[in-house]
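**Q** Turn this into a model:
(2 chains)
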Amino acid sequence: KQEVTQIPAALSVPEGENLVLNCSFTDSAIYNLQWFRQDPGKGLTSLLLIQSSQREQTSGRLNASLDKSSGRSTLYIAASQPGDSATYLCAVRMAYKYIFGTGTRLKVLA
Amino acid sequence: DVKVTQSSRYLVKRTGEKVFLECVQDMDHENMFWYRQDPGLGLRLIYFSYDVKMKEKGDIPEGYSVSREKKERFSLILESASTNQTSMYLCASSSSVGPIFGPGTRLTVL
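**A** The predicted structure follows:
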């Protein structure tokens, strides 16, 4: 059974720092991996999607990498800002289903 | 602007009541999903549907049922609400760029 783990569960950093969020999964037979952002009390917003054949995707200050063989993905956030404060979740797609990690709660201090 | 809408943002019900949560998407997507999200447990899949009148159980279907009579609408039904069903409920529909989520319904069962 696929399990998705995110470490750390919470992170607090000063504004301007570069940071890395980690996601690991136990079954490498995935279609793709996706990173989401969730603001308190809201739904999820997609940030980046990496197909299983790809190694990384970039959007603005965000860069996500995927190492399928080792079951790992990282989300790199450059020059963090207070507006980046949110919970970040990764999810892997297995056939029809998406399996989510429990998220990393990020707080960027001004 | 494409979207997924959910019928209520906040809902308070009493134990034993029958509860309907509605989800509508305007993107002509085949696949739709219901998740619940609880602190420390992440998003857990309740049911999903890959076509009209077709449904599959997710990881935690007990106490829930679903209905998909039209492609754009996917309903989650709590047959007899219990306090352990107090949670945030998230609906999503799936595209080639991954699931698109609604804003969520915060359900409290007293």
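
**Q** So what are the sheet partners of the helix or strand of chain A with the lowest mean pLDDT and their directions?
**A** When the helices and strands of chain A are scored by mean pLDDT, DSSP states H and E, strand A:97-100 comes last with a mean of 91. If you go by DSSP bridges, strand A:97-100 pairs up with strand A:86-94 (antiparallel).

**Q** for the partner strand, the distance to its chain's centre please.
**A** Once both centres are worked out by C-alpha atoms, centre = their mean, to the nearest Å, strand A:86-94 turns out to sit 6 Å from its chain's centre.

**Q** how about it: buried residues?
**A** A:Ala86, A:Thr87, A:Tyr88, A:Leu89, A:Cys90, A:Ala91, A:Val92, A:Arg93 (16 or more other C-beta atoms under 10 Å in any protein chain shown). Where you see a C-beta, it was placed from the backbone N, CA and C, and this is true even at glycine.

**Q** pLDDT averaged over the helix or strand just after the least confident helix or strand of chain A - what is it?
**A** Remark: after strand A:97-100, the chain's next helix or strand is strand A:104-109, criterion DSSP states H and E. Averaging pLDDT along strand A:104-109 yields 96.

**Q** Please tell me how far the spatially most central residue of chain B sits from chain A.
**A** Centroid-nearest residue in chain B, with C-alpha atoms, centre = their mean: B:Trp34, separated by 3.3 Å. Using C-beta to the nearest C-beta, to the nearest Å, B:Trp34 is found at 12 Å from chain A.

**Q** ok, the host helix or strand of that residue: who's next to it in the sheet?
**A** Per DSSP H and E: B:Trp34 is located in strand B:31-38. Sheet pairing of strand B:31-38 (DSSP bridges) gives strand B:42-51 (antiparallel), strand B:87-95 (antiparallel).

**Q** which residues of chain B score low on pLDDT?
**A** Across chain B, the ranges flagged by pLDDT under 70 are B:1-2.

**Q** residues from chain B in reach of chain A?
**A** Within reach of chain A by C-beta under 8 Å from any C-beta of the partner chain, chain B has these residues: B:4, B:31, B:33, B:35, B:40-43, B:45, B:48, B:50, B:56, B:58, B:88, B:90, B:92, B:94, B:97-104, B:106.
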